[in-house]
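Undergrad: fold the following, please.
(2 chains)
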Amino acid sequence: GAVVSQHPSWVICKSGTSVKIECRSLDFQATTMFWYRQFPKQSLMLMATSNEGSKATYEQGVEKDKFLINHASLTLSTLTVTSAHPEDSSFYICSALLAGASYNEQFFGPGTRLTVL
Amino acid sequence: GQQLNQSPQSMFIQEGEDVSMNCTSSSIFNTWLWYKQDPGEGPVLLIALYKAGELTSNGRLTAQFGITRKDSFLNISASIPSDVGIYFCAGRSSMEYGNKLVFGAGTILRVKS
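TA: I've put the predicted structure just below:
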């Protein structure tokens, strides 16, 4: 249980185009999902918290108009990188929060490698 | 913001050896987690700790939630080649809202067979 998928697993796009990444919780419902960015040989940096049915909460320094997040259902959150530039190239990882009576933890997707040319 | 200091940064050990890594913080944490990340993959939860002093095992892995609530360690016994990867500690402090996690910088583990 607690499987999270991401699609696509990798994407290459031209500078100026927009890219959408999907995050799905496959066997549980998640009212909260998180989006992280990871640069090579670095740790995970939280970009935003995605809440089903409401606006995402962005971390300081993350442009909400550039990284659009939509959490329209209890099993799907999407991250759209708008007008992508080479500096947006990174590994984007989502996680979904599995909440229970005594358990409240994030399970991560396999990540999406974005390369902007 | 909250910060976790994870050490060592990397380790290159012989197969069969035991491994120890730790995380410390100047702040108190309510939860300590240990994840493993393989190249090109997302982190996988290894052990979750919720109580100060708690010692939890998962196969050859053992982790402890420090008594002061400001540190945690992860031990791997009798390492094998598939233990190779990056290990991250993560914590949740009482100062953060919404279940946000803070991650350490990671420990790169290489195993020589």
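Undergrad: only C-alpha atoms for contact and neighbour calcs from this point on.
TA: Noted.
Undergrad: got the residues of chain A near chain B?
TA: Contact residues, chain A versus chain B (CA under 8 Å from any CA of the partner chain): A:42-45, A:93, A:107-111.
Undergrad: tell me the confidence at the closest residue to chain A within chain B?
TA: Using CA to the nearest CA, the single residue of chain B nearest to chain A is residue B:42, 4.1 Å away. Per-residue pLDDT puts residue B:42 at 94.
Undergrad: what lies in contact with stretch B:53-73?
TA: Contacts with stretch B:53-73, where a contact means CA atoms under 8 Å, 6 or more residues apart in numbering or on different chains, come from B:20-30, B:32, B:46-47, B:49-52, B:74-78.
Undergrad: er, stretch B:6-13 actually
TA: B:21-24, B:88-89, B:104-112.
Undergrad: again, only this time at 10 Å
TA: With contacts defined as CA atoms under 10 Å, 6 or more residues apart in numbering or on different chains, stretch B:6-13 is touched by B:19-25, B:71-73, B:79-81, B:84, B:86-90, B:103-113.
Undergrad: could you turn the buried ones of the residues you listed into a PyMOL selection?
TA: Of the contacts of stretch B:6-13, the buried ones can be selected in PyMOL as follows, counting by 16 or more other CA atoms under 10 Å in any protein chain shown:
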select buried, chain B and resi 19+21+22+23+24+25+71+72+73+79+80+84+86+87+88+89+90+103+104+105+106+107+108+109+110+111
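Undergrad: sort out for me which of the contacts of stretch B:6-13 are in strands.
TA: Using DSSP state E, the members of those that fall in strands are B:19-24, B:71-73, B:86-90, B:103, B:107-112.
Undergrad: parallel or antiparallel, which strands does the strand ranked longest in chain A pair with?
TA: The longest strand of chain A (DSSP E) is strand A:90-99. Counting by DSSP bridges, the strands paired with strand A:90-99 are strand A:32-38 (antiparallel), strand A:104-108 (antiparallel), strand A:112-116 (antiparallel).
Undergrad: which of the contacts of stretch B:53-73 come close to chain A?
TA: Within the set of the contacts of stretch B:53-73, contact with chain A (CA under 10 Å from any CA of the partner chain) is found for residue B:50.
Undergrad: show the buried residues in the contacts of stretch B:53-73.
TA: Buried residues within the contacts of stretch B:53-73, counting neighbours by 16+ other CA under 10 Å: B:21-25, B:28-30, B:32, B:46-47, B:49-52, B:74-76.
Undergrad: quick one: contacts for residue B:80?
TA: Contacts of residue B:80 (CA under 10 Å, 6+ apart): B:13-18, B:110-113.
Undergrad: kindly recompute the last result at 7 Å.
TA: Neighbour list for residue B:80: B:15-16, B:111 [criterion: CA atoms under 7 Å, 6 or more residues apart in numbering or on different chains].
Undergrad: let me have those in JSON lines, extended by pLDDT and distance to residue A:58.
TA: Listed next are these as JSON lines, based on pLDDT from 0 to 100; distance: CA to CA, whole Å:
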{"residue": "B:15", "pLDDT": "97", "distance to residue A:58": "43"}
{"residue": "B:16", "pLDDT": "97", "distance to residue A:58": "44"}
{"residue": "B:111", "pLDDT": "95", "distance to residue A:58": "38"}
